[in-house]
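In: missing the sequence, but the structure's below:
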C-alpha cells in the first residue's frame, strides 16, 4: 500500500513542480523589435540569446559593456545592410479628453485592462486636473513661486549637473537652484525631488490614484518596504528650457502630472530595447540608453532608426500614464517646467513586460541585500528611496 502511495506522490509532485514552473514562465517576456522579426528562426534566436544574456550579465554587474560589434554582426545577418541611418518616425500617443463624462471607462479599457500585456501603451488624459478639481483641488494653483515659497524654501534638494552621468547629483538649497536653473552655461536639473512638505501627496491623493490604476496592493507593499507613511511615490521635477533627460526605463508604473510649462516626451516600447543600446544603472533602479534620442549619432548607433515609438507634448493640466519598462526621454520646452510623478512598483506587470530587467531590479543580490539593510537596519521613512538616490550623488 505504501509503495503505491509513494508511486502516486511522485507524479503528483512532478505535476505540481511543472505547474509552478509553467506558471512562472507564463510571466516571462523577452521582447524583440518588430524590425528584427525577419531572417531565419535560428538567426533570430541567436540574436535574442546574445542580447539578453549580455543584458543579464550587465544588470548583475558581471559585464561592464555590451559587445555591440557582436550584436551588430547578428543584426546584419538578419537585416542585411538595412540599418536605416535616420531618426525613427514617431506616432502620436493615445489621448483621452477628461471633459468626456466617460473618460474613466475609456481609460480602464485602453490602459488599466492592458497593463502587463504586449498591447499595453502610454496614454495621456488631457486636462485631467482641470476637469477633476474636487479630486485635485490644489494642483492647478502650483507654480514655481508656490514651490519656492510654500513647499521647499531653503530645503536642500538633489540637483543633477550632467545629463549623461549617473553620479552627477549635488545637494543645493531650492531657492539657490531657482535663481540658477536657467543658466544655460551649466546643466542644472532638479529631478525626483522628494515631497518634503507632504503637500504634493495631499494634492495628488495616492488612494485615488492607486484605485484608478487598480494597484492598491502593489502600493501597500511599496509603502511597507520603504518604511514610510507613503509620500515615497510622489516626486517633483523642476527645470529650465535647456533641460532634458536621456532615454531610460524604470520598473514603476507611472502617472505624470504636468503642472507648469510644457514637456516633450518620446517613448519606445520594451520590444525595442535591443536597438536602443541600453546600459544599467549603478543599483539597477533605472536602465539607461547610451544614445541621445534628441540628437542621435547614427553612425555609432546604426540600428536606432528602425525603432518604433510614440511622442507627446504635455500641457499644464495633462496627466500622462505609462507602464513599467517603457523607454522614455524628455525635454523641457519652456523657461520653467514643473511636473510631478506618482509611481507604483508593479512586480507582476514588470515581470510580464521585460523579465530580464525585472530580475535585475527585484532579484539582483546586490539590490536585495542593500534593501534589507536599509529597511531593517537603517530604518526610518523613505529608507529604500534614500538608498537608491545615494547612487546618483556625485562622488566627492
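Out: Nice, I can see it. Nothing here was measured: the structure is a model prediction, and the numbers come from that model.
In: remind me which residues of the stretch 151-300 of the chain are low pLDDT?
Out: Applying pLDDT under 70 to the stretch 151-300 of the chain flags residues 166, 224-232, 280-285.
In: And the strands in it, which stretches?
Out: Residue ranges of the strands in the stretch 151-300 of the chain, as given by DSSP state E, counting those that start in this stretch, are 156-160, 169-173, 190-194, 234-239, 248-250, 252-260, 263-268, 278-280, 286-289.
In: Just put those in a markdown table and tack on distance to residue 76.
Out: C-beta here means a position set from N, CA and C on the backbone, and glycine is covered the same way. A markdown table is the format used below for those (distance: least, C-beta to C-beta, whole Å):
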| stretch | distance to residue 76 |
| --- | --- |
| strand 156-160 | 37 |
| strand 169-173 | 39 |
| strand 190-194 | 37 |
| strand 234-239 | 39 |
| strand 248-250 | 26 |
| strand 252-260 | 35 |
| strand 263-268 | 21 |
| strand 278-280 | 20 |
| strand 286-289 | 21 |
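In: Show me how the protein divides into domains.
Out: Domain ranges of the chain: 1-30, 90-390, per automatic domain parsing.
In: so can I have a markdown table of these showing mean neighbour count and distance to residue 37?
Out: Converted to a markdown table, the domains of the chain look like this (neighbours: other C-beta atoms under 10 Å; distance: least, C-beta to C-beta, whole Å):
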| stretch | mean neighbour count | distance to residue 37 |
| --- | --- | --- |
| domain 1-30 | 10 | 13 |
| domain 90-390 | 19 | 10 |
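In: Any idea which of these gets closest to residue 36?
Out: domain 90-390 (6.5 Å; C-beta to C-beta).
In: what sits against the closest residue to residue 319 other than its chain neighbours?
Out: Spatial nearest neighbour of residue 319, chain neighbours left out: residue 128 (4.3 Å); criterion: C-beta to C-beta, 6 or more residues apart in numbering. Going by C-beta atoms under 8 Å, 6 or more residues apart in numbering, residue 128 touches 98, 136, 317-319.
In: how close does residue 55 get to residue 78?
Out: 18 Å (C-beta to C-beta, to the nearest Å).
In: Between those two, which has more neighbouring residues?
Out: residue 55 (24 against 17; other C-beta atoms under 10 Å).
In: ok, the more buried one touching residue 358?
Out: No - using C-beta atoms under 8 Å, residue 55 makes no contact with residue 358, being 11.6 Å away.
In: wait, doesn't residue 259 sit right on residue 334?
Out: No - if you go by C-beta under 8 Å, residue 259 and residue 334 don't touch, sitting 11.6 Å apart.
In: Compare the strands of the stretch 151-300 of the chain and give me the one nearest residue 211.
Out: Per C-beta to C-beta, nearest to residue 211 of the strands of the stretch 151-300 of the chain: strand 252-260, 12.1 Å.
In: The closest one to strand 234-239, inter-axis angle?
Out: 50 degrees (axes from the mean of the first three to the mean of the last three C-alpha atoms, to 10 degrees).
In: List the strands paired with strand 252-260, with their directions.
Out: strand 319-322 (antiparallel), strand 337-345 (antiparallel) (DSSP bridges).
In: Sketch out the strands for the stretch 1-150 of the chain, chain order is fine.
Out: Under DSSP E, counting those that start in this stretch, the stretch 1-150 of the chain gives strands at 90-92, 94-97, 123-126.
In: Tell me which residues are up against the last one.
Out: In other words, strand 123-126. 93-98, 103, 107, 110-111, 312, 314-315, 317-322.
In: quick one: the nearest residue to residue 68 once chain neighbours are set aside from residue 288, how far?
Out: In space, and not counting its chain neighbours, residue 68 is closest to residue 277: 7.1 Å by C-beta to C-beta, 6+ apart. Counting by C-beta to C-beta, the gap from residue 277 to residue 288 is 10 Å.
In: same check, this time on residue 273
Out: Residue 273 is 12 Å from residue 288, by C-beta to C-beta.
In: center of this structure, which residue is that?
Out: residue 250 (2.6 Å; C-alpha atoms, centre = their mean).
In: show me what contacts the closest residue to that one other than its chain neighbours?
Out: Closest residue in space to residue 250, ignoring its immediate chain neighbours: residue 286 at 5.1 Å, by C-beta to C-beta, 6+ apart. If you count contacts by C-beta under 8 Å, 6+ apart, residue 286 has them with 248-250.
In: Which parts of this protein are helices?
Out: 2-25, 41-59, 68-79, 103-110, 128-131, 144-146, 174-180, 199-203, 206-213, 216-226, 347-353, 355-362, 365-372, 383-390 (DSSP state H).
In: Tell me the gap between the fifth one and the middle of its chain.
Out: On the basis of C-alpha atoms, centre = their mean, to the nearest Å, the separation between the geometric centre of helix 128-131 and that of its chain is 24 Å.
In: quick one: low-confidence parts of the stretch 1-150 of the chain?
Out: Looking at the stretch 1-150 of the chain by pLDDT under 70, you get 1-27, 81-84.
In: 80 instead?
Out: 1-30, 59-61, 64, 80-86, 116-119 (pLDDT under 80).
In: what's the closest of the contacts of residue 286 to residue 42?
Out: Among the contacts of residue 286, and counting by C-beta to C-beta, the member closest to residue 42 is residue 249, at 28.9 Å.
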